[in-house]
Structure formats: structure tokens, C-alpha cells
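> sequence? don't have it. structure:
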Ligand SMILES: NC(=O)c1ccc[n+]([C@@H]2O[C@H](COP(=O)([O-])OP(=O)(O)OC[C@H]3O[C@@H](n4cnc5c(N)ncnc54)[C@H](O)[C@@H]3O)[C@@H](O)[C@H]2O)c1
Ligand SMILES: O=C(O)[C@]1(O)C[C@@H](O)[C@@H](O)[C@H](O)C1
């Protein structure tokens, strides 16, 4: 006679990164765990406070496993340097060269990326008819690469990438072109020219964050027929989103990416499909 193995209900998770004290991910994961009938604990492990840097990550991962962590979110400055320390990488994380979710399973560390799928899902919920549009992406760092990947994966006709650091724009475009083809993505310095033929604009720079006020593009380029998205979510209503709304543009604020990276990670960590609408409502409560 075989005895059925009961489904896991208890999970120990965490976020490894620097300067993460304000993260809303622990609250989102723990609340959704509770609501799903799981005993889920999520800890912040702030490398800055511990005096740990990139060279210490192997040791940090090792003690996470030894102390029984089931999974981790990974953020700045570890999203790239974690890759060689893992046993397996999903194709999307490989293509992006970045991991934000590590699952420990059967003695192996599996790397995943829910940043791109998080932005993508939030975008599709708001603007499902816009997935095939041409877009201009401003900011080619970690968040920008994830947004560019999501746009192209979901069917954008073309993505033009602008960054004050032109080498970063080029590196991001080259990486995405390798996956999606160089007829669909390019780096450019001609923001106005590219926006003239685009239907959408995404800000993936820190401009507009608390402490970094301002607009990432000149105000006169924000036309009423553009859709406009921002990855910044502190504050939720950035100057760019505010201006775009006031001009009648359809908008996708940064909160959606923050929630849906957590939705995707929850599923990887627990194997349980979370209630995404409930997580959105909880995020709204946390940020109101
Ligand atoms: N909503 C979310 O869930 C979420 C997730 C990750 C990051 N973020 C936010 O995204 C922002 C960017 O994060 P990141 O990790 O990609 O940072 P990053 O430093 O890796 O990249 C930012 C890029 O923007 C460029 N840049 C800055 N100002 C610019 C300007 N005016 N014009 C053109 N390019 C400019 C920089 O050169 C850099 O390449 C941050 O505000 C972060 O909080 C949000
Ligand atoms: O909530 C945060 O602070 C996060 O660090 C934001 C983003 O970096 C995600 O990829 C992480 O999973 C969580």
C-alpha cells in the first residue's frame, strides 16, 4: 500500500538585496500565503546592513539553504552575479542575464525571472489591445531590460531603446535582438523621432522616484494618443503618469509590475496559483 505524500503547506522565503527595508514584497507574500492556507514566512535579508557585497553571495545562498529556506527573491546588486551560483536557469532568465527568483528544490537552486512577466502581465491587464504596438523604452538597466523583454515576448512590433548611457542602450538592444531579432529592436538617441512613429512610451529610469523628481522625457513629447507606462512606483503617481493622465493618455503605472513579480514568484515558490486580484487589492491597501 502506498501512502500519499501531503502537499507542502509551510514555506520559508526571503529577499536578498541591498537597501530593501521599504520593500512591500514580504507583506504581499505573507498575506497571500495566509489567504491561501499556507504557513508562509518571508524575511528581508539586507546585505547592506550585514556589510555583505557581491563576493559574499555564494556564502549567503549556502546558509539560506542550510537554514531551510525554500526560495529567495534576489534584487540589486545580485540579480546578475547570482547566475553562476545556480544549478539551473529558465530560458527567459538566461536570455535576460538576470534572476529575481531562486527556488531551492531537491538540493538544487533554480533561477527564474518574474520581473519581465510581472510587467508584462500588468500591461496586458490594462492594455490588452496594445501588445503589438511600437514602443519607446527609456532606461536600459535591469528594469528596462525586463520591460523590453516583455514587450517583445508579448508581440510588440518594435522597441526603440534610449538611455543617457548609450553603451547600456546598445548592450540591452543587442541582448534582446539575439532573442527576438534585430528587425524588432534597436538602440537610438533620437527620442523625438522614434516617439513620432510609436504608440507607446515606457519609463524605466529612476526619474520620477521619490528623491529623483522630474520627467524622463520632455513634456511636449507626451502626446494624447500615446499610452504611457512607468516602472517607478514610489510614488505610484509619478510626474510622468500624472502628466500623461492629464493629457488623456492611457497609463500603466509601476505598481502593477511590483505586484505581478510577486504573483509569479509566489507560484514558483509554492506551486500554488495565487489569487492575483486579491494581491492587487492588498497592494493597493499597502500603498494607499
Ligand atoms: N515596479 C517595479 O516592480 C520595479 C522593479 C524594479 C525596478 N523598479 C524601478 O525601476 C527604476 C530603474 O531601476 P533599475 O534597476 O533598472 O535601475 P538601473 O540603474 O539598472 O537602470 C536605470 C537606467 O536608466 C538610465 N537613465 C537614468 N536617467 C535617464 C534619463 N533621464 N534618460 C535616459 N536614461 C536614463 C541609466 O543610465 C540606467 O541605465 C528604479 O526607479 C526602480 O525602483 C521598479
Ligand atoms: O520588492 C522588492 O523590493 C523587489 O526587490 C523588487 C524587484 O527587484 C523584484 O525583482 C524583487 O523580487 C522584489
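Everything's here; your move. Please read all numbers here as calculations on a predicted model, not as lab measurements. Ligands and ions are numbered 1, 2, ... in the order given.
> Now residue 88. Nearest residue, chain neighbours left out?
Of all residues not flanking residue 88 in the chain, residue 110 sits nearest, at 4.8 Å (Cβ to Cβ, 6 or more residues apart in numbering). To be clear about C-beta, it is placed using only N, CA and C from the backbone, and glycine gets the same treatment.
> quick one: average confidence on the helix or strand hosting the one you found?
Element membership of residue 110, judged by DSSP states H and E, is strand 108-112. For strand 108-112, mean pLDDT rounds to 98.
> What residues of that strand count as buried?
Residues 109-112 are the ones in strand 108-112 that count as buried (16 or more other Cβ atoms under 10 Å).
> Strands along the stretch 101-250 of the chain, start to end?
Here the stretch 101-250 of the chain has its strands, by DSSP state E, counting those that start in this stretch, at 101-105, 108-112, 134-138, 158-162, 185-187, 200-203, 227-230, 250-252.
> what residues does the first one touch?
It refers to strand 101-105. By Cβ atoms under 8 Å, 6 or more residues apart in numbering, the list of residues contacting strand 101-105 from outside reads 61, 64-65, 69-74, 82, 86, 109-114, 264-265, 268-269.
> List the buried residues of it.
Across strand 101-105, burial judged by 16+ other Cβ under 10 Å covers 101-104.
> who in the stretch 51-200 of the chain is up against ligand 1?
Contact residues (Cβ under 6 Å from any ligand atom) of the stretch 51-200 of the chain with ligand 1: 76, 138-144, 162-165, 168.
> Make CSV out of these and add distance to residue 28.
Output for these, formatted as CSV (distance: Cβ to Cβ, whole Å):
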residue, distance to residue 28
76, 19
138, 27
139, 24
140, 27
141, 23
142, 20
143, 18
144, 23
162, 31
163, 30
164, 32
165, 32
168, 30
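> packing partners for the helix or strand bottoming out on mean pLDDT in the chain?
Lowest on mean pLDDT, DSSP states H and E among the helices and strands of the chain sits helix 47-50, with a mean of 94. Helices and strands touching helix 47-50, as assessed by 3 or more Cβ pairs under 8 Å, 6 or more residues apart in numbering; DSSP states H and E, are absent.
> on that earlier part again, any chance of the residues of the stretch 51-200 of the chain next to ligand 1 in CSV, with distance to ligand 2 too?
Shown next, in CSV, are those (distance: Cβ to the nearest ligand atom, whole Å):
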residue, distance to ligand 2
76, 7
138, 19
139, 14
140, 16
141, 11
142, 8
143, 8
144, 13
162, 22
163, 19
164, 21
165, 20
168, 18
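> ok so, going back, the residue nearest to residue 88 reaches residue 85, doesn't it?
No. Using Cβ atoms under 8 Å, residue 110 is not in contact with residue 85; the gap is 11.8 Å.
> and the residue of the stretch 51-200 of the chain nearest ligand 1?
Nearest residue of the stretch 51-200 of the chain to ligand 1 (Cβ to the nearest ligand atom) works out as residue 141 at 1.9 Å.
> Tell me, what's the model's pLDDT at residue 7?
Residue 7 is assigned a predicted lDDT (pLDDT) of 81.
> Enumerate every residue touching it.
Each residue near residue 7 by Cβ under 8 Å, 6+ apart is listed here: residue 271.
> and residue 168, how far is that from residue 276?
Distance of residue 168 to residue 276, computed by Cβ to Cβ, to the nearest Å: 32 Å.
> Check residue 177 too.
Using Cβ to Cβ, one obtains 31 Å as the distance from residue 177 to residue 276.
> what do you get for residue 255?
In terms of Cβ to Cβ, residue 255 sits 13 Å off from residue 276.
> need the residues of this protein near ligand 2, please.
By the rule Cβ under 6 Å from any ligand atom, the part of the chain lying against ligand 2 is 15, 17, 20, 23-25, 73, 75, 100, 115, 261, 265.
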